[in-house]
Each structure stands twice: as structure tokens, then as C-alpha cells.
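Trainee: okay, sequence plus prediction incoming.
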Amino acid sequence: MEAFKQAALRCPLPEAIELIGEKWAFLILRGALNGLQHFEQFQAGLGIARNILSDRLTKLVEGGILIREDDPDDRRKKVYSLTDKGEALLPVVVALRQWGETWCHGPADIQLADQQTGQPVQQIALHAKDGRKLALKDLMWVDRRTGATLRRHQAPGIDL
């Protein structure tokens, strides 16, 4: 159990969750992915209190998810835009939304579609290099340093 605890402390998930795992931070990220840029847009679109919005925007800027710049059309306003690091969260947001549609909420009234074809995007899944869809039972851990491979159930000190 101590090995599992130590691995959990080194896991990248807690740091990621600390940055974007809170409800309002995730909804701000969702808003930015959907084109919201100004404080007032986030506040009106999310119904979030100004002090909470300000705090979460600051945290996302400090975490490198958003950039805060002067609005070129009105220097009194600020524009929030996604960094590459922020845009890289798109599959995370889509996967969580798809999971919510399947297991919580049911299908939403609108769906994400490919701009070129108008077709809905596929369900996010893990795939092997050869394209096979992978399930939890198909996975194992590989130690980056040694190349040693371990099956999930043989590696209690290693976690997702």
C-alpha cells in the first residue's frame, strides 16, 4: 500500500485536477473553447459571481491555460484566449462531455460535429498504435526508465 501511496504522490492527475478540475474552472475552459473571450461574456454565459470568476481566470492564466491581454478594440477591457496548453484540453473536455451524455445527463440538444463534413465526432476512446480500440483489460504499465513491463494487477504501486 505504501508503494501505491508514493506512486499517487508522483501521479500527474492531482496537479491537473488542481488546475482545471474545479467546476467553475472547467466551465470557463468550456466557454473559452466555445469562443468566449471577455470577462463579461464568461460572467453572463456562466452566471458565476464576479469574484469567483476573477479568481478562476487568474488561476487559469497562472497555470498557462489562458492568456490575458489588452483588447485591441478597447484598451479598458481584457481578452482571455487559450494557449496551446489550453487548446490541448479539447479532447479531455469532449471525452468528459461524452461520458456525461452516456452515464449522467443523456444526449444534449446540440452535438459536436466535424466542420468539414457536418458529421458528429466519434466517441473519444483509447487506441493502440495500429488503431485498435483499447479497454482497461488491454492495458499494462511500462517503466519509462527500465522498459520493464507490468500488468495492471501486478503493479500496485503504479496508477493512472
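Mentor: The structure has been received and is ready for your questions.

Trainee: helix/strand/coil for Thr117?
Mentor: Classification of Thr117 by DSSP: H, G, I helix; E, B strand; the rest coil places it in coil.

Trainee: can you tell me how far it is from Leu89?
Mentor: Going from Thr117 to Leu89 by CB to CB, to the nearest Å gives 24 Å. Any C-beta I mention is one placed from the backbone N, CA and C, and that applies to glycine too.

Trainee: who has more neighbours, those two?
Mentor: Set Thr117 next to Leu89 and count neighbours by other CB atoms under 10 Å: Leu89 wins out with 20 against 7.

Trainee: just checking, that one touches Ile65?
Mentor: Yes. If you go by CB atoms under 8 Å, Leu89 and Ile65 touch, sitting 7.2 Å apart.

Trainee: joint contacts of the two?
Mentor: Applying CB atoms under 8 Å, 6 or more residues apart in numbering, one finds that Leu89 and Ile65 are jointly contacted by Ile20, Leu29.

Trainee: quick one: the strands in this structure?
Mentor: Counting by DSSP state E, the segments of the chain that form strands are 66-71, 74-82, 126-127, 133-134, 140-142, 149-151.

Trainee: nearest residue to Glu22 other than its sequence neighbours?
Mentor: Using CB to CB, 6 or more residues apart in numbering and skipping the chain neighbours, the partner closest in space to Glu22 is Arg56 (7.3 Å).

Trainee: need the contact list for the one you found.
Mentor: By CB under 8 Å, 6+ apart, the contact list for Arg56 reads Glu22, Trp24, Ala25, Ile28, Ile48.

Trainee: neighbour-wise, which of the residues you listed leads?
Mentor: The most neighbours of any of the contacts of Arg56, using other CB under 10 Å, belong to Ile28, which has 26 neighbours.

Trainee: please report how far the residue nearest to Gln41 when sequence neighbours are not counted lies from Arg97.
Mentor: Excluding its sequence neighbours, the residue lying closest to Gln41 (CB to CB, 6+ apart) is Gly31, at 7.4 Å. Going from Gly31 to Arg97 by CB to CB gives 13 Å.

Trainee: for the chain, which spans come out with low pLDDT?
Mentor: Low-confidence segments of the chain, defined by pLDDT under 70: 3-4, 150-160.

Trainee: show me the helices in it, by range?
Mentor: Remark: helices assigned in the chain by DSSP state H are 2-10, 13-20, 23-33, 39-46, 50-62, 84-87, 90-100.
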